[in-house]
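J.: with the input below, show me the fold.
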Amino acid sequence: MKIAISGKGGVGKTTIMAMLARHLQKQGKEVLVIDADPSPHMAQSIGIEEVERIIPIADMKEMLVERSGKVEGSPFYNINPQVDDLLAKFIVEHNGIKLMVLGAIQTAKGGCACPESNVLKRLLTKLLLSPSQVVLLDMEAGVEHLGRGTIAGVDHLLIVVIPSRSGVRTALKVKKLAEESGIPSISFVGNMIIDDEDRKFLTDALGTAPIAFFPESAAIKKTERSGQPVISVLSEVEEATGAIMSRLKI
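T.: Numbering: from 1, shown residues only. A predicted model of the protein is given here:
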């Protein structure tokens, strides 16, 4: 299964994705996390040290353009680029969780597809998974990635939303674009929840109840600020992560 996560900036999607990765790994699943955020933080979240040594694939412009088969000055490029070796070459592993950092993909003016984006879309669709394998895709904040189609091929999209009007607006916009993109299954996940009033606000504003509610956690905040991996305090959100896994039948 391939699960993507998205939402407004600052809603905690990377933290939730890291917690899901650790939960799945503890359940005996083979987990690959793909960090496609312009400011990658997943490595730190899952406990990888010396994160600066990890070079995002998106930063390797020459390699991506070469793989796309694009000729300089030409608008055409290969729609089926070779990516098999990238799957092994750019994956690092820590405590049973594999990580690949994609980084940010910039498109041409007007939102046109670029050769770099084409290579990454091919990379995602190339991943053929067994029942014991799960790919978690941490997308950039906002909705731009949906317009580019780099989220193509995922089975389920989790939209993280906090109890605020601006958070709900972004979440509903992401859901609309995701539906137009043909993503087969879409769910909201509430985060930074303090009480039942927050739960009711989100349920009423979204028009449906999120499949899980992650609590506001002082322990997670303290752990992140100290530079420690947030997955070390998985127990703080074990119930919420379990609710997502149960709903997705993983």
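J.: next helix or strand past the longest strand that the chain contains?
T.: Secondary structure assigned by DSSP state E gives strand 186-193 as the longest strand of the chain. For strand 186-193, the following helix or strand on the C-terminal side (DSSP states H and E) is helix 196-206.
J.: what does that following helix contact?
T.: For helix 196-206, contacts defined as C-beta atoms under 8 Å, 6 or more residues apart in numbering pick out 161, 163, 165, 168, 171-172, 188, 190, 192-193, 209-210, 213. Any C-beta I mention is one placed from the backbone N, CA and C, and that applies to glycine too.
J.: what about 7 Å?
T.: V161, P163, V168, A171, L172, F188, G190, I193, A209, P210, F213 (C-beta atoms under 7 Å, 6 or more residues apart in numbering).
J.: tell me what the first one is bridged to.
T.: Just to be clear, that refers to V161. G190 (DSSP bridges).
J.: list the buried residues of stretch 187-200.
T.: Residues S187, F188, V189, G190, N191, M192, I193, D198, R199 are the ones in stretch 187-200 that count as buried (16 or more other C-beta atoms under 10 Å).
J.: revised request: answer the last question for stretch 238-250.
T.: Buried-residue list, stretch 238-250, by 16+ other C-beta under 10 Å: A240, T241, A243, I244, M245, R247, L248, I250.
J.: same question, stretch 154-164
T.: The neighbour-count check on stretch 154-164 (16+ other C-beta under 10 Å) flags V154, H156, L157, L158, I159, V160, V161, I162, P163, S164 as buried.
J.: for the residues you listed, which one is nearest M100?
T.: V154 (14.9 Å; C-beta to C-beta).
J.: now do the helices in the chain.
T.: 13-26, 42-45, 61-68, 84-89, 115-126, 144-148, 165-180, 196-206, 218-225, 238-248 (DSSP state H).
J.: what's the least confident stretch among those?
T.: In terms of mean pLDDT, the lowest-scoring of the helices of the chain is helix 144-148 (a mean of 56).
J.: avg pLDDT for the longest strand of the chain?
T.: If you average the pLDDT over strand 186-193, you get 97.
J.: angle of it against helix 218-225?
T.: If you take axes from the mean of the first three to the mean of the last three C-alpha atoms, to 10 degrees, strand 186-193 sits at 90 degrees to helix 218-225.
J.: output strand 186-193 as CSV, nothing but the C-alphas.
T.: C-alpha atoms of strand 186-193 as CSV (Å, rounded to 0.1, in the frame of the first residue of the first chain):
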residue,chain,number,x,y,z
ILE,A,186,-9.1,10.2,1.0
SER,A,187,-9.4,10.8,4.8
PHE,A,188,-8.9,13.6,7.2
VAL,A,189,-6.7,13.3,10.3
GLY,A,190,-7.1,15.7,13.1
ASN,A,191,-4.0,17.0,15.0
MET,A,192,-3.2,19.2,18.0
ILE,A,193,-6.5,18.2,19.5
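J.: and the buried residues of stretch 154-164 as TSV, adding distance to P229?
T.: Putting these into TSV (distance: C-beta to C-beta, whole Å) gives the following:
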residue	distance to P229
V154	25
H156	25
L157	25
L158	21
I159	24
V160	19
V161	24
I162	22
P163	26
S164	27
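J.: now pLDDT and distance to V134 too, for these, in CSV please.
T.: Putting the buried residues of stretch 154-164 into CSV (pLDDT from 0 to 100; distance: C-beta to C-beta, whole Å) gives the following:
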residue, pLDDT, distance to V134
V154, 82, 11
H156, 93, 10
L157, 94, 14
L158, 96, 13
I159, 96, 18
V160, 97, 18
V161, 97, 22
I162, 97, 25
P163, 97, 28
S164, 96, 30
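J.: nearest to S217, of the residues you listed?
T.: I162 (13.0 Å).
J.: what residues does stretch 23-43 touch?
T.: By C-beta under 7 Å, 6+ apart, the residues outside stretch 23-43 that reach it are 14, 17-18, 21, 46, 51, 54, 56, 96-104, 132-140, 150, 234, 241, 245, 250.
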